[in-house]
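*Asks:* Fold the following for me, if possible:
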Amino acid sequence: PLAAHELLLHSRIRFSSRNDFNDPFDTVIPITKPTAEFGKAYLRYLYEKQGVALPEVREFETRSEPENILSTLCGTFDRLGIYSLSSSVINPLMWAHYACSHKGLAFIFNQSTDIPEFCAFPIRYQKNNQKLHLNSTSSIDEISLATLNKGIDWLYEREWRILKSNQARQWM
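*Replies:* Prediction:
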(Lines give C-alpha, C1' and ligand atoms only; values in the text may rest on other atoms or scores of the structure.)
Protein backbone atom coordinates (compact mmCIF):
# COMPACT_ATOMS: atom_id res chain seq x y z
CA PRO A 1 0.00 0.00 0.00
CA LEU A 2 2.75 2.53 0.85
CA ALA A 3 4.64 1.85 -2.39
CA ALA A 4 1.46 2.30 -4.46
CA HIS A 5 0.60 5.47 -2.54
CA GLU A 6 4.05 6.97 -3.14
CA LEU A 7 4.04 6.02 -6.81
CA LEU A 8 0.57 7.36 -7.54
CA LEU A 9 0.63 10.52 -5.43
CA HIS A 10 4.30 11.50 -5.45
CA SER A 11 5.76 9.69 -8.50
CA ARG A 12 8.39 8.07 -6.29
CA ILE A 13 9.73 4.53 -6.17
CA ARG A 14 11.62 2.84 -3.34
CA PHE A 15 14.88 1.10 -4.07
CA SER A 16 15.50 -2.10 -2.14
CA SER A 17 18.67 -3.45 -0.65
CA ARG A 18 19.85 -6.89 -1.68
CA ASN A 19 19.47 -7.78 2.01
CA ASP A 20 15.68 -7.36 1.65
CA PHE A 21 15.25 -10.00 -1.07
CA ASN A 22 13.26 -13.19 -0.42
CA ASP A 23 15.99 -15.25 -2.13
CA PRO A 24 19.10 -15.34 0.10
CA PHE A 25 21.23 -16.26 -2.93
CA ASP A 26 20.12 -13.29 -5.04
CA THR A 27 23.06 -10.91 -5.64
CA VAL A 28 25.46 -13.20 -3.78
CA ILE A 29 28.38 -12.72 -6.10
CA PRO A 30 31.39 -15.01 -5.86
CA ILE A 31 34.38 -12.68 -6.10
CA THR A 32 37.98 -13.72 -6.60
CA LYS A 33 40.60 -11.99 -4.52
CA PRO A 34 41.21 -8.70 -6.31
CA THR A 35 44.63 -7.76 -7.59
CA ALA A 36 46.50 -4.93 -5.90
CA GLU A 37 46.13 -2.84 -9.09
CA PHE A 38 42.36 -3.24 -9.00
CA GLY A 39 42.29 -2.31 -5.31
CA LYS A 40 44.13 0.94 -5.92
CA ALA A 41 42.07 1.85 -9.00
CA TYR A 42 38.79 1.07 -7.21
CA LEU A 43 39.75 3.06 -4.13
CA ARG A 44 40.77 6.05 -6.29
CA TYR A 45 37.40 5.80 -8.05
CA LEU A 46 35.51 5.82 -4.73
CA TYR A 47 37.41 8.84 -3.43
CA GLU A 48 36.96 10.76 -6.70
CA LYS A 49 33.25 9.95 -6.81
CA GLN A 50 32.83 11.36 -3.30
CA GLY A 51 35.00 14.41 -4.12
CA VAL A 52 37.38 13.57 -1.28
CA ALA A 53 41.17 13.87 -1.41
CA LEU A 54 43.11 10.61 -1.27
CA PRO A 55 44.47 9.71 2.17
CA GLU A 56 48.17 9.71 2.92
CA VAL A 57 50.21 7.04 1.16
CA ARG A 58 50.41 4.57 4.06
CA GLU A 59 46.66 4.70 4.75
CA PHE A 60 45.89 4.44 1.02
CA GLU A 61 48.12 1.34 0.72
CA THR A 62 46.38 -0.28 3.70
CA ARG A 63 42.87 0.50 2.46
CA SER A 64 43.66 -0.79 -1.04
CA GLU A 65 44.87 -4.21 0.15
CA PRO A 66 42.77 -7.01 -1.39
CA GLU A 67 41.10 -8.04 1.89
CA ASN A 68 40.07 -4.46 2.64
CA ILE A 69 38.78 -3.95 -0.91
CA LEU A 70 36.62 -7.08 -0.60
CA SER A 71 35.09 -5.63 2.56
CA THR A 72 34.52 -2.30 0.81
CA LEU A 73 32.89 -4.07 -2.15
CA CYS A 74 30.47 -5.92 0.15
CA GLY A 75 29.46 -2.58 1.65
CA THR A 76 29.01 -1.13 -1.84
CA PHE A 77 26.72 -4.03 -2.80
CA ASP A 78 24.73 -3.59 0.42
CA ARG A 79 24.17 0.12 -0.38
CA LEU A 80 23.23 -0.51 -4.02
CA GLY A 81 19.61 0.45 -4.62
CA ILE A 82 17.72 -2.13 -6.67
CA TYR A 83 14.27 -1.67 -8.16
CA SER A 84 12.87 -4.89 -9.59
CA LEU A 85 10.37 -5.06 -12.44
CA SER A 86 8.89 -7.83 -14.55
CA SER A 87 8.09 -7.90 -18.25
CA SER A 88 4.95 -9.96 -17.51
CA VAL A 89 1.98 -9.46 -15.21
CA ILE A 90 0.14 -12.69 -16.04
CA ASN A 91 2.23 -15.35 -14.28
CA PRO A 92 0.26 -16.73 -11.27
CA LEU A 93 3.48 -17.44 -9.35
CA MET A 94 4.38 -13.77 -9.52
CA TRP A 95 0.99 -12.85 -8.06
CA ALA A 96 1.39 -15.46 -5.31
CA HIS A 97 4.95 -14.42 -4.40
CA TYR A 98 4.85 -10.65 -4.80
CA ALA A 99 1.27 -9.39 -4.86
CA CYS A 100 -0.04 -10.20 -1.41
CA SER A 101 -1.45 -13.60 -2.44
CA HIS A 102 -3.21 -12.32 -5.55
CA LYS A 103 -4.68 -9.27 -3.78
CA GLY A 104 -2.07 -6.71 -4.90
CA LEU A 105 -1.66 -4.35 -7.80
CA ALA A 106 0.46 -4.38 -10.93
CA PHE A 107 1.68 -1.17 -12.51
CA ILE A 108 2.78 -1.18 -16.12
CA PHE A 109 5.66 1.13 -17.05
CA ASN A 110 7.00 2.02 -20.45
CA GLN A 111 10.76 2.35 -20.56
CA SER A 112 11.76 5.80 -21.70
CA THR A 113 15.13 6.78 -23.05
CA ASP A 114 14.36 10.34 -21.90
CA ILE A 115 15.39 9.46 -18.33
CA PRO A 116 18.66 7.51 -18.60
CA GLU A 117 19.15 7.34 -14.83
CA PHE A 118 16.12 5.05 -14.68
CA CYS A 119 17.29 2.65 -17.35
CA ALA A 120 16.26 -0.93 -16.61
CA PHE A 121 18.53 -3.88 -17.38
CA PRO A 122 17.34 -7.45 -18.01
CA ILE A 123 18.33 -10.20 -15.60
CA ARG A 124 20.57 -12.95 -17.00
CA TYR A 125 19.40 -16.32 -15.71
CA GLN A 126 22.16 -18.91 -15.25
CA LYS A 127 22.69 -22.31 -13.68
CA ASN A 128 25.62 -21.08 -11.60
CA ASN A 129 26.71 -17.67 -10.43
CA GLN A 130 29.70 -16.60 -12.46
CA LYS A 131 32.74 -15.61 -10.48
CA LEU A 132 33.69 -11.97 -10.68
CA HIS A 133 37.42 -11.69 -11.40
CA LEU A 134 38.78 -8.35 -10.23
CA ASN A 135 41.96 -7.24 -11.94
CA SER A 136 43.43 -4.12 -13.47
CA THR A 137 41.04 -4.32 -16.46
CA SER A 138 37.86 -4.69 -14.36
CA SER A 139 35.48 -1.78 -14.58
CA ILE A 140 33.08 -0.44 -12.00
CA ASP A 141 30.25 -1.19 -14.43
CA GLU A 142 31.18 -4.90 -14.39
CA ILE A 143 30.77 -4.91 -10.62
CA SER A 144 27.28 -3.36 -10.76
CA LEU A 145 26.23 -5.58 -13.65
CA ALA A 146 27.14 -8.65 -11.60
CA THR A 147 23.93 -7.96 -9.66
CA LEU A 148 22.00 -8.74 -12.85
CA ASN A 149 22.67 -12.48 -12.66
CA LYS A 150 20.14 -14.81 -11.08
CA GLY A 151 19.51 -18.53 -10.73
CA ILE A 152 17.74 -20.29 -13.59
CA ASP A 153 14.87 -21.31 -11.26
CA TRP A 154 13.70 -17.68 -11.25
CA LEU A 155 13.36 -17.47 -15.05
CA TYR A 156 9.55 -17.28 -14.79
CA GLU A 157 9.92 -13.78 -13.27
CA ARG A 158 11.26 -12.24 -16.50
CA GLU A 159 12.86 -9.63 -14.26
CA TRP A 160 14.47 -6.31 -15.11
CA ARG A 161 16.30 -4.09 -12.62
CA ILE A 162 17.11 -0.45 -12.16
CA LEU A 163 20.36 -0.01 -10.20
CA LYS A 164 21.31 3.13 -8.26
CA SER A 165 24.50 3.51 -6.24
CA ASN A 166 24.01 4.30 -2.55
CA GLN A 167 20.20 4.29 -2.84
CA ALA A 168 19.29 1.10 -0.94
CA ARG A 169 16.07 1.61 1.02
CA GLN A 170 15.68 5.13 -0.37
CA TRP A 171 12.78 6.80 -2.18
CA MET A 172 13.45 8.50 -5.49
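*Asks:* Where does the prediction get shaky in the chain?
*Replies:* In the prediction, the chain carries residues with pLDDT under 70 at positions 113-116.
*Asks:* Now do the strands in it.
*Replies:* For the chain, the strands defined by DSSP state E cover 81-86, 121-122, 124-126, 149-151, 159-164.
*Asks:* on contacts alone, who are the packing partners of the last one?
*Replies:* Using 3 or more C-beta pairs under 8 Å, 6 or more residues apart in numbering; DSSP states H and E as the contact criterion, the secondary-structure elements in contact with strand 159-164 are strand 81-86, strand 121-122. Every residue, glycine included, has its C-beta placed from N, CA and C.
*Asks:* in its sheet, what does it sit against?
*Replies:* Next to strand 159-164 in the sheet, as set by DSSP bridges, lie strand 81-86 (antiparallel), strand 121-122 (antiparallel).
*Asks:* Residues in contact with the last one: which ones?
*Replies:* By that I understand strand 121-122. Residues outside strand 121-122 that contact it (C-beta atoms under 8 Å, 6 or more residues apart in numbering): L145, L148, E159, W160, R161, I162, L163.
*Asks:* what's across from the third one in the sheet?
*Replies:* If I follow you right, that is E159. Counting by DSSP bridges, E159 is bridged to S86.
*Asks:* Look up how far I29 lies from L80.
*Replies:* 11 Å (C-beta to C-beta, to the nearest Å).
*Asks:* and for these two, which residues touch both?
*Replies:* Overlap of the contact sets of L80 and I29 (by C-beta under 8 Å, 6+ apart) consists of T147.
*Asks:* More neighbours: the two, which one.
*Replies:* Under the criterion of other C-beta atoms under 10 Å, the comparison of L80 against I29 puts L80 first, with 22 against 16.
*Asks:* what separates R124 from T137, distance-wise?
*Replies:* R124 sits 21 Å away from T137, taking C-beta to C-beta as the criterion.
*Asks:* for K33, same thing?
*Replies:* Relative to T137, and taking C-beta to C-beta, K33 is found at 16 Å.
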